[in-house]
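Colleague: A predicted structure for the sequence below; I have some questions about it.
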Amino acid sequence: MPPLVAQLDTDDRSGILRKLEWPYIYALFAITLISLINLYSATHGVNMSGVADLFVKQSIYFVVAWGLFFFFTFLGPHWLGRLAVPLYTLNVLAVVYVSFFGKVALGAQRWIHLGFFNYQPSETMKLCLIFILAKILSQTPYDPKGLNLKALMLPLSAIALPFIFIVEQPDLGTSLLLLMIAGTMLLAIGIRRWIIFAVFTLGLVTIPIAWQFVLHDYQKQRVYTFISPGSDPKGSGYNSIQSKIAVGSGQLLGKGFQQGTQSKLEFLPERHTDFVFSVLSEEHGFVGSLGVVILFCVLFILGLRTASTAKDKFSAFICVGILGYLFWHMFVNIGMVTGLLPIVGVPLPLFSYGGSSLFTTMSALGILSGIAYRRYMF
Amino acid sequence: MNEILHNPEEVKTLLPRFKLFYFVLAATFFVFSGRLWFLQVYQGQTLRQFSERNHLKELKVEAPRGLILDREGRALVDNRLGYEVYLQSQYIQDWEATFATVAPLINMPPDKLEQRVTKARRQQGRFAAIKIKENLTIDEVFRLKRARLTVPGLDIRDTTVRNYTLGKNGSQALGYVGEISRTQLPLFRKLYPRINFEQGDIVGKFGIEELLEAELHGHNGVKLTQVDAFGREVNPTGTAQASQETQQLFGSYIKDRAAIPGNNVVLTLDMDIQQAAWDSFIADERIGGVVAMKADGEILSWISSPSFDPNDFLGGISHETWNRLINDPFKPLRNKVIQDHFAPGSTLKPMVALAALQENVIKPNTSVFCPPALPFGNRLFHDHLRGGFGNINLYEALERSSNVYFYKLGISLGVDRMHKYIAPMGIGTKTGIELPREAPGLMPSTEWKRLSRGEDWHPGENLSVAIGQGFTQATPLQLAISYLAIGTEGKVVQPFLIKKVLSPTGELIKETQPKVVRDLSDTSKGEPLINPEHYKPIKEGLRLVVNGPRGTARGRVRLDGVEIAGKTGTAQVRGWAASEIFGKCENRPKHMRHHGWFVGYAPADKPEIVVAALAEHSCSGSGGAGPVVRAIMKKYFEKYHPEMNVSVPVAAYVDRATPSEPEPVEE
């Protein structure tokens, strides 16, 4: 196997630039700018001296993240095929480790303390699962009727192993996201109709049982609150109500940059992380928030186009997995801050503050960009 | 290369499923844009209002209460600068230490302070500013200002505090204020719909303050302040940087409304006369009420004693002070000028005499034999002079206050003929003065007794009524009005305290016009009730009481420079045994001593001022009440008629042969 770098050497510079998927990079760059502008507002307020430096940090993170983006763009996806199994194995071990020795915070064990930052294995698990599923699915023979149960055994086991431990932590949000991402990838290859139907039915049966025996009280509370946020406006319903007020009070054009009273005066919780989209909606209104939704959609459409033009099934599955990863995070987060979904701690990719989330997302999008870059190569 | 790589044909097999992804994406886009449209456009206005209400808090700017002024515009009640101290929760880290440091500075036990703060934080939220004491003394302010350097969160704020310049003097008329109570709030809102009463408002609770609430209460203003989610004020008074930022951010929403002060009230009272009356009344720790009135009905002074200091009520009266007030046997909270009615005693005699003249029972110069005691029915009615008065006419009877003379008039007249003339003079009817809780007094009649008691009138009771005992009861104000009617020969006036109401800028809003309620000499409907010529002998008799050689009030009331006319009176507190009748009143326990009356007007021929004084448990009218009337008259004539050169006679003539007159009726 020839060194991957050698491939780069054979292309001239203008060729490299021509082959990059520029609309995709422009859209992503626009998101970066909007995200930073919005984060500035979310971290600068009357009483918020404590979080003001987060903007500077996140700006540096973005520079690093763009470096990672281009690194993975030029690195290409194929190393993933080789590293998928060891990465997956290591990550599952980390998840298992966390379940027994992890740092307890907010009643759940999710983190490994690494001195300079807290590593949350369930986050990287999402990517590692995408890689291993892409590898497994690309090696599964094509079946026009969709995969049968036998063919599904391996991918399902790969999903189930981390899923069980993450549910145990407990982190229902992450584990459900894991299922949704994996489900998206399985849908891409196709599954027998009866299996989909059976899973659906099984899900309906499981919900009441899970409600009774698996869900913790705080998780049930979130659902109650979602159904009727007004029942406890100062307590459990507070976040949901204040977020809706923030979003709605932005009206058509928004209150203006740095003029959101809901965020500036701390009525809105978790302004720079989970509810960062509410800050944007409050200050930039319907026009601003719809603009961001459109930018995300542009990314997804370009991503799906990349997937369809990918040169091999592995790359296509990686694309679908990464898009699923981004899509479901966005879907849950925006759904939650606009009151369409219960409040679960899911950040909005590229917008919420946080280095590790940003690095993973931008690396994943870099891989996607690398696949797009390589569609011209033979 | 790996066989999984570079096989674009295989990817084509996935494409049909991508349609599903495009569909999901499109659906998501429509759901999100629909939801955003719903929240931001459809519900946007409502949610915008929610967000405004979240962060804008209306702070009340209390409107200053209107002033209460005397007839010359001098402040009887005004507002002064006061201080109150708050704890700003957001700046306090160590509560225990704060309690320990602050409590001694404001003379409060630390545990009481802690209780108060805990309660307030529970009610108002964790970050509210808690008022821990109001109405601070200057000492406390200085101590707190010094402590502020080391105790974070101590906030000393200026307020206006009601200030009663006369202290205890006249407080039953002026009243006092206090914080509106939970039960009052809805009542006041209903009663005065034009005023927006709020919790924590200061309202009148008594006297003029209560009566004129609608005038004195201003309209509170509003200061919008910005608060954050924890209720912390984020206002322009913070740091310079925050101020600029907030102004820039939220300037357009901050719209304040200035407070409008209440109207000012000008009373008919004269501060000088009020002060003179008070000084003289309380000089001998007198108990009772005094009212001085001008001939047109304007009240010049209003004294009720013992009294209370309305300044004590500010910021909540202490339990100790309140208990002392309500347990005082002589009732400081009662407005004795109108709330207490007692037997008028001999002060009723001139009115009885007037009835007798009008009914032609006697002539002024008719000589009547007056033995020491008059048998009637199976009882013996005594006079107060042990030897009796012998043959006396009306002038002497009034001057020396003979009882037997008036017993005889009472027998001849009967109660109904007395009632016919005395009731229209104001005895037994509410005067209609502005102040509330007026006692009616009583001028009995046979009909009254039949209706109220279901009994027939007993002829013996005529004797009691004729000397102002028995059922008769009158307030000092009623007596002042009836004496003025005698002095002015028939004019029964409407007494009033509120002269004018002025807007804060001084425009006249209301003015009370003097009013004659009844003219007893009115001839427009035929014969007058009382022929004006009959007043002359009565007035002469009253003049002799003060100025005659044997007048009962000569020693205590007479002034050089102006002639005062009036009458002493004694009201029995309770009936005494026959053996006690001539015993010395002063030897009895205070609460069992007689009440002394003096009612007089001056100048004797054409009265300008009338004064009625009731000195409870003082034993004698001339000694207990007389000097007060003299002091008021002196002050009045010094002030308004300096050319008369009034003065207290140098060698005050005391006629020891004329005893003060306890007037026994029944034994």
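Modeller: Done, it's in.
Colleague: C-alpha from now on. contacts and neighbour counts both.
Modeller: OK.
Colleague: How many residues are close by residue B:115?
Modeller: Using other C-alpha atoms under 10 Å in any protein chain shown, residue B:115 is surrounded by 11 other residues.
Colleague: Test of understanding: give the bridge partners of residue B:597.
Modeller: Residue B:597 has the following beta-bridge partners by DSSP bridges: residue B:569, residue B:614.
Colleague: Give the next helix or strand downstream of the helix of greatest length in chain A.
Modeller: Counting residues, the longest helix in chain A under DSSP state H turns out to be helix A:276-308. Along the chain past helix A:276-308, the next helix or strand (assigned with DSSP states H and E) turns out to be helix A:313-337.
Colleague: which residues sit against the helix or strand following that next one?
Modeller: Sequence-wise, the next helix or strand beyond helix A:313-337 is helix A:355-374, with elements assigned using DSSP H and E. When contacts are defined by C-alpha atoms under 8 Å, 6 or more residues apart in numbering or on different chains, helix A:355-374 is touched by residues A:19-21, A:24, A:58, A:61-62, A:64-66, A:68-77, A:123-124, A:127, A:303, A:306, A:309-311, A:315, A:318-319, A:322, A:326, A:349-350.
Colleague: which bits of the stretch 201-350 of chain A sit near chain B?
Modeller: On the criterion C-alpha under 8 Å from any C-alpha of the partner chain, chain B has as its neighbours in the stretch 201-350 of chain A the residues A:244-252, A:258-259, A:261-262, A:265-267, A:285-286, A:289-290, A:293-294, A:297, A:300-301, A:304, A:308-314, A:316, A:331, A:334-335, A:338.
Colleague: Tell me, how many residues neighbour residue 93?
Modeller: Answering for chain A, as no chain was given. Other residues lying near residue A:93 total 14 when counted by other C-alpha under 10 Å.
Colleague: not quite, I wanted chain B
Modeller: 12.
Colleague: what does residue A:210 give?
Modeller: Residue A:210 has 12 neighbours, counted by other C-alpha under 10 Å.
Colleague: Equivalent analysis for residue B:565, please.
Modeller: Taking other C-alpha under 10 Å as the criterion, the count of residues near residue B:565 is 29.
Colleague: which phi and psi does it have?
Modeller: Main-chain torsions, residue B:565, degrees, to the nearest 10: phi -120, psi 140.
Colleague: what bridges to it?
Modeller: Per DSSP bridges, the residues bridged to residue B:565 are residue B:601.
Colleague: next one: the longest helix of chain A to chain centre, how far?
Modeller: Distance of helix A:276-308 from the chain centroid (C-alpha atoms, centre = their mean, to the nearest Å) equals 14 Å.
Colleague: what's the average pLDDT for it?
Modeller: Across helix A:276-308, pLDDT averages out at 95.
Colleague: what comes up buried for it?
Modeller: Within helix A:276-308, the residues that qualify as buried are A:276-290, A:292-293, A:295-304, A:306-308, counting by 16 or more other C-alpha atoms under 10 Å in any protein chain shown.
Colleague: can you map out the strands along the stretch 551-667 of chain B?
Modeller: For the stretch 551-667 of chain B, the strands defined by DSSP state E, counting those that start in this stretch cover B:565-571, B:595-602, B:609-616.
Colleague: and these as JSON lines, adding distance to residue B:296 and mean pLDDT?
Modeller: As requested, the strands of the stretch 551-667 of chain B are exported to JSON lines (distance: least, C-alpha to C-alpha, whole Å; pLDDT from 0 to 100):
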{"stretch": "strand B:565-571", "distance to residue B:296": "18", "mean pLDDT": "91"}
{"stretch": "strand B:595-602", "distance to residue B:296": "13", "mean pLDDT": "93"}
{"stretch": "strand B:609-616", "distance to residue B:296": "9", "mean pLDDT": "94"}
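Colleague: can you list those in TSV and add distance to residue B:24?
Modeller: What follows is the strands of the stretch 551-667 of chain B, written out as TSV (distance: least, C-alpha to C-alpha, whole Å):
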stretch	distance to residue B:24
strand B:565-571	102
strand B:595-602	100
strand B:609-616	97
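Colleague: So which of the ones you listed is nearest residue A:194?
Modeller: Shortest separation from residue A:194 across those is recorded for strand B:609-616, at 106.8 Å, computed as C-alpha to C-alpha.
Colleague: What angle do strand B:595-602 and the closest one make with each other?
Modeller: An angle of 170 degrees separates the directions of strand B:609-616 and strand B:595-602 when computed by axes from the mean of the first three to the mean of the last three C-alpha atoms, to 10 degrees.
Colleague: Strand B:609-616 - contacts with which helices or strands?
Modeller: Using 3 or more C-alpha pairs under 8 Å, 6 or more residues apart in numbering or on different chains; DSSP states H and E as the contact definition, the elements that strand B:609-616 packs against are strand B:287-294, helix B:476-487, strand B:595-602, helix B:626-640.
Colleague: What about residue 364, how many residues nearby?
Modeller: Going with chain A. If we define neighbours as other C-alpha under 10 Å, then residue A:364 has 24 of them.
Colleague: oops, chain B please
Modeller: 19.
Colleague: Same question for the one 4 residues further on.
Modeller: Residue B:368 has 18 neighbours, counted by other C-alpha under 10 Å.
Colleague: Please identify which helix or strand holds residue B:365.
Modeller: Assigned by DSSP H and E, residue B:365 falls within no helix or strand.
Colleague: Going by proximity to chain A, name the top residue of the stretch 501-650 of chain B.
Modeller: Using C-alpha to the nearest C-alpha, the closest approach of the stretch 501-650 of chain B to chain A is made by residue B:504 at 39.1 Å.
Colleague: ok, the residue nearest to that residue when sequence neighbours are not counted to chain A distance?
Modeller: With C-alpha to C-alpha, 6 or more residues apart in numbering or on different chains as the measure, residue B:263 is the residue that lies nearest to residue B:504, at 5.3 Å, once sequence neighbours are left out. From residue B:263 across to chain A, the span is 40 Å (C-alpha to the nearest C-alpha, to the nearest Å).
Colleague: what number of residues lie near residue B:263?
Modeller: Around residue B:263 there are 27 residues (other C-alpha under 10 Å).
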